[in-house]
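Chemist: coords please:
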Amino acid sequence: MTRIIAGAARGVRLDVPGSGTRPTSDRVRESLFGALESMDALTGARALDLYAGSGALGLESLSRGAVSLDLVEKSRPAASVIRKNADAVAKAMGEASARVHESAVQTFLKRAESRWDLVFTDPPYDLSDDAMTGDLIALAPRLSPDAVVVIERGSRATPPDVSAAGLEIFREKTYGDTAMWWAQPVDESQSR
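Modeler: Residues are numbered from 1 along each chain as shown. Take a look at the predicted model:
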């Protein structure tokens, strides 16, 4: 069972699409969000969840203080599940600003006009390194200067090439077969 762990929608059960997705475990989400809270990266954040699957990562951020959330998922059945989950979270919170975009990640990012402070990208583990780099390059112009980007991949994956997108890794952690890298925009004023 997947559920919202903490915050205003704590305990809300989330449906998981029947196939093609790999929800982040409660243990990994608990560790991830504990660290994000200690960095004060959640309160007031404009969040984006790429390859959203069930929407668990993005919806957890909304429950814990993000002010808006965009969830991007190409699969029509998964996007339908995300809409249902977002409605359940909104009902528990009394109100929540979550928008579900049924779109490929690259297509969405090329059309996007928003800026985000907190981004989760949890693509299928078989997504190629080149495709991952392409996503990060397309995302970079849409990030706020102090944004945090959390990249989740299989523990056997090579670290993402964040430098091509003007980002730098500042934290990494492995949980069993899951690896996470945390990246942020390079502060250009520091490199001069």
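Chemist: helices or strands next to the longest helix along the chain in the packing?
Modeler: What stands out as the longest helix in the chain, according to DSSP state H, is helix 76-93. Helix 76-93 sits against strand 13-14, helix 56-63, strand 68-73, strand 98-102, with contacts defined as 3 or more CB pairs under 8 Å, 6 or more residues apart in numbering; DSSP states H and E. C-betas here are computed from N, CA, C, even on glycine.
Chemist: now the next helix or strand after the last one: how far from the chain's centre is it?
Modeler: Read that as strand 98-102. Helices and strands here follow DSSP states H and E; after strand 98-102, the next one along the chain is helix 105-111. In terms of CA atoms, centre = their mean, to the nearest Å, the centre of helix 105-111 is found 15 Å from the chain centre.
Chemist: residues of stretch 122-139 that come out buried?
Modeler: 122-123, 127, 132-139 (16 or more other CB atoms under 10 Å).
Chemist: try stretch 153-163
Modeler: 153, 157, 160, 162.
Chemist: Looking at these, which are in helices?
Modeler: Among the buried residues of stretch 153-163, none falls in helices (DSSP H).
Chemist: And those residues, which is the shakiest by pLDDT?
Modeler: Across the buried residues of stretch 153-163, the smallest pLDDT goes to A157, namely 88.
Chemist: Hmm, that residue is touching M180, no?
Modeler: No: here A157 does not reach M180: they are 10.8 Å apart, not a contact under CB atoms under 8 Å.
Chemist: and the buried residues of stretch 153-163, which of them are in strands?
Modeler: Using DSSP state E, the members of the buried residues of stretch 153-163 that fall within strands are R153.
Chemist: Just put the buried residues of stretch 153-163 in TSV and tack on distance to S61.
Modeler: Listed next are the buried residues of stretch 153-163 as TSV, based on distance: CB to CB, whole Å:
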residue	distance to S61
R153	19
A157	23
P160	20
V162	20
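Chemist: right, and T121 touches Y51 too?
Modeler: Yes: using CB under 8 Å, T121 makes contact with Y51 at a distance of 6.3 Å.
Chemist: and the end-to-end length of stretch 94-110?
Modeler: 32 Å (CA to CA, to the nearest Å).
Chemist: Which residues belonging to it are considered buried?
Modeler: Neighbour counts over stretch 94-110 (16+ other CB under 10 Å) mark 96, 98, 100-103, 105-106, 108-109 as buried.
Chemist: Among those residues, which one sits closest to L57?
Modeler: Distances from L57 to the buried residues of stretch 94-110, taken as CB to CB, are shortest for A98 (12.2 Å).
Chemist: Surely the closest one is in contact with A88?
Modeler: No: taking CB under 8 Å as the definition, A98 is not a contact partner of A88, at 10.6 Å.
Chemist: and the residue nearest the centre of the chain, bridged to which residues?
Modeler: Centroid-nearest residue in the chain, with CA atoms, centre = their mean: F120, separated by 1.8 Å. Beta bridges link F120 to D49, V150, judged by DSSP bridges.
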